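*Asks:* sequence below, structure please.
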Amino acid sequence: MNPRRWWLRRTLRFRITVVATGVALLCLLAFTGLAPALIGLIQITAVDQELEKSPPRVLDVSGTPVDGQPPLPLTAQDIRALRSGEPVLRMDGESALRFRGQVVFSGDGTPRLEVYASTLLGYGKANTLGTRWLAVAAVLVAVLVGIATWLSVRSSLRPVERMRVAAGELPHGERLPVPLARDELQALAEALNALLARRDEASDRLRRFTGDAAHELRSPVASVRAQAEVAVAHPDPDFSIEVLESVVEESIRLSALVESLLILARADTGVPARAEAVDLVLEAEAAISRLDTELLVRLTAPPSACLVSATRSEVELVLDNLLRNAARYAYSTITLTLVPVGRDVRLLVDDDGHGIPAEHRTKVFDRFYRVEEDRGRRSGGFGLGLALVAHLVGRRRGSVRAAESPAGGARLEIRWPSW
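*Replies:* Purely as a prediction, here's the structure:
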């Protein structure tokens, strides 16, 4: 098994405990490795302090005793070191001999070497035992660190576990309680509550979308089925052609509805594409050329470019839906007006139709919302075009508004952030 994959599959508690214990053990073992030198330094420092209180041995500069006592176990190299003022340490089995020396001059000017000597009993054994006990202590301390880390992490993660379980069992619309302490748990609770809010919003939107789509699809599907059943029940060639023409018409309507639903569903999901500078004047001219109508369509725009922050596909969808909506209601004329205003570009679409009643102007941008005509029939749309316009403009931090046109019909005003 891959070690990295095995490690990543372990619990967070296990990984933190292993890392903390391992680091503690390595640090303590490194200290244990330095133990002999530290123990020896302590012993030597204590002996050096006592050497200053003991009487010295007197030697000539070659190391021969001149005080009548036996010679010291010193080599020529040790004598040179003592003459230069450097201390000497000589091992003697489990013990050690410590020498310190200095050169003095007698009354007749003869140089003499005064040597202070002492024995460090059990020097080597003390270092060995000290190292062993420190190694045992290092292991015990590492185990205690591991246990303390395990319990500490377990206690710290218990509120997180309770929060996770509560988040999974929360009913629709409920939120997690936010701790009073301004710590990581409070930030986690707020982030989870924001996630739950987005989940509930998406669920509500999907439920509304599904219900509205099913309602809108029911009529054309039922109409196609009914006409097909009539054609089967009455196999008259002339009547069948008439029925087939009606079926084709309903099929076209059904295809347009499905296409609108797909466009709106794609617009609802994902992060908007990165905005770019789009010339609204050029796009408006292209949208007018794409519009299949016999109405008079006029464009009033400044001579310079009107750059908005969006994508070309978004601008095309918005303009196409606005123009098709205006063409559905206009009697003879549609007017597009582009006006740069501060940091925005103002797009006005006016028609000379019957207009939008004041009580419906804030609702026409809702999905599947349609205004009944004076003659008691629908306009023929699905109530999705203006909803898509509001969605695309809104996610670029723009705004949409319906008002009365100077021509007597409806005015749709779009404010797009300029580039």
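
*Asks:* please make it C-alpha for all contacts and neighbour counts, starting now.
*Replies:* Noted.

*Asks:* strands of the chain, residue ranges please.
*Replies:* Secondary structure of the chain by DSSP state E: the strands cover 57-59, 88-92, 95-105, 111-120, 276-279, 296-300, 307-310, 333-341, 344-351, 399-404, 410-417.

*Asks:* where does the stretch 151-300 of the chain dip in pLDDT?
*Replies:* 209, 212-213, 215-216, 219, 260, 263-271 (pLDDT under 70).

*Asks:* pick out the shakiest of the strands of the chain, pLDDT-wise.
*Replies:* Mean pLDDT is lowest for strand 88-92 among the strands of the chain, at a mean of 83.

*Asks:* mind checking how far that strand is from the chain centre?
*Replies:* 64 Å (CA atoms, centre = their mean, to the nearest Å).

*Asks:* just to revisit the earlier point, among the strands of the chain, which is nearest Ala81?
*Replies:* Closest approach to Ala81 among the strands of the chain (CA to CA): strand 88-92, 7.3 Å.

*Asks:* could you check the angle strand 95-105 makes with that closest one?
*Replies:* 150 degrees (axes from the mean of the first three to the mean of the last three CA atoms, to 10 degrees).

*Asks:* partners of strand 88-92, with directions?
*Replies:* Partners of strand 88-92 in the sheet, by DSSP bridges, are strand 95-105 (antiparallel).

*Asks:* name the residues of the strand it pairs with that are buried.
*Replies:* Ala96, Leu97, Arg98, Phe99, Arg100, Gly101, Gln102, Val103, Val104 (16 or more other CA atoms under 10 Å).

*Asks:* stretch 162-178 now?
*Replies:* For stretch 162-178, by 16+ other CA under 10 Å, it's Met163, Ala167, Arg175, Val178.

*Asks:* just the endpoints, please. Distance across it?
*Replies:* Using CA to CA, to the nearest Å, one end of stretch 162-178 lies 13 Å from the other.

*Asks:* pull the most distant pair out of the buried residues of stretch 162-178.
*Replies:* Of all pairs in these, the most separated under CA to CA is Ala167 and Val178 at 12.1 Å.

*Asks:* related to what we said a few turns ago, export the strands of the chain to TSV and tack on distance to Asn321?
*Replies:* Putting the strands of the chain into TSV (distance: least, CA to CA, whole Å) gives the following:
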stretch	distance to Asn321
strand 57-59	112
strand 88-92	98
strand 95-105	100
strand 111-120	100
strand 276-279	18
strand 296-300	15
strand 307-310	16
strand 333-341	13
strand 344-351	11
strand 399-404	13
strand 410-417	11
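
*Asks:* and Phe365, which of these is closest to it?
*Replies:* Closest among the strands of the chain, using CA to CA: strand 399-404, at 8.5 Å.

*Asks:* list the buried residues for the closest one?
*Replies:* By 16+ other CA under 10 Å, the buried positions in strand 399-404 come out as Ser399, Val400, Ala402, Ala403, Glu404.

*Asks:* skipping adjacent residues, who's closest to the fourth one in space?
*Replies:* On the basis of CA to CA, 6 or more residues apart in numbering, the spatially nearest residue to Ala403 that is not a chain neighbour turns out to be Arg411, at 5.0 Å.

*Asks:* from Gly107, how far off is that neighbour?
*Replies:* 123 Å.

*Asks:* then Ser289?
*Replies:* 124 Å.

*Asks:* between those two, who's got more neighbours?
*Replies:* Between Ser289 and Gly107, Ser289 has the larger neighbour count (other CA atoms under 10 Å), namely 11 against 7.

*Asks:* can you pick out the most distant pair from the buried residues of strand 399-404?
*Replies:* Using CA to CA, these span at most 16.8 Å, a distance reached by Ser399 and Glu404.

*Asks:* give me the nearest residue to Ser418, chain neighbours excluded.
*Replies:* That would be Val308: by CA to CA, 6+ apart, it lies 4.1 Å from Ser418.

*Asks:* is the one you found in contact with Pro417, as I believe?
*Replies:* Yes. Val308 is within contact range of Pro417, at 5.8 Å (criterion: CA atoms under 8 Å).

*Asks:* which neighbours do those two have in common?
*Replies:* Asp344, Val345 (CA atoms under 8 Å, 6 or more residues apart in numbering).

*Asks:* for the two, indicate the residue with more neighbours.
*Replies:* Val308 (25 against 21).

*Asks:* identify the bridge partners of the more buried one.
*Replies:* In beta-bridge terms (that is, DSSP bridges), Val308 pairs with Val278, Ser418.

*Asks:* which other residues reach stretch 77-97?
*Replies:* Contacts of stretch 77-97 (CA under 8 Å, 6+ apart): 61-63, 98-103, 113, 115, 117-125.

*Asks:* any idea how many residues pack against the residue nearest to Ala403?
*Replies:* 25.

*Asks:* could you give the bridge partners of it?
*Replies:* Going by DSSP bridges, Arg411 forms beta bridges with Asp350, Ala403.

*Asks:* contacting residues for it?
*Replies:* Arg411 makes contact with Leu348, Val349, Asp350, Asp351, Gly355, Ala402, Ala403, Glu404, Ser405, according to CA under 8 Å, 6+ apart.

*Asks:* does the fourth one touch Leu412 like I think?
*Replies:* Just to be clear, that refers to Asp351. No. Using CA under 8 Å, Asp351 makes no contact with Leu412, being 9.2 Å away.
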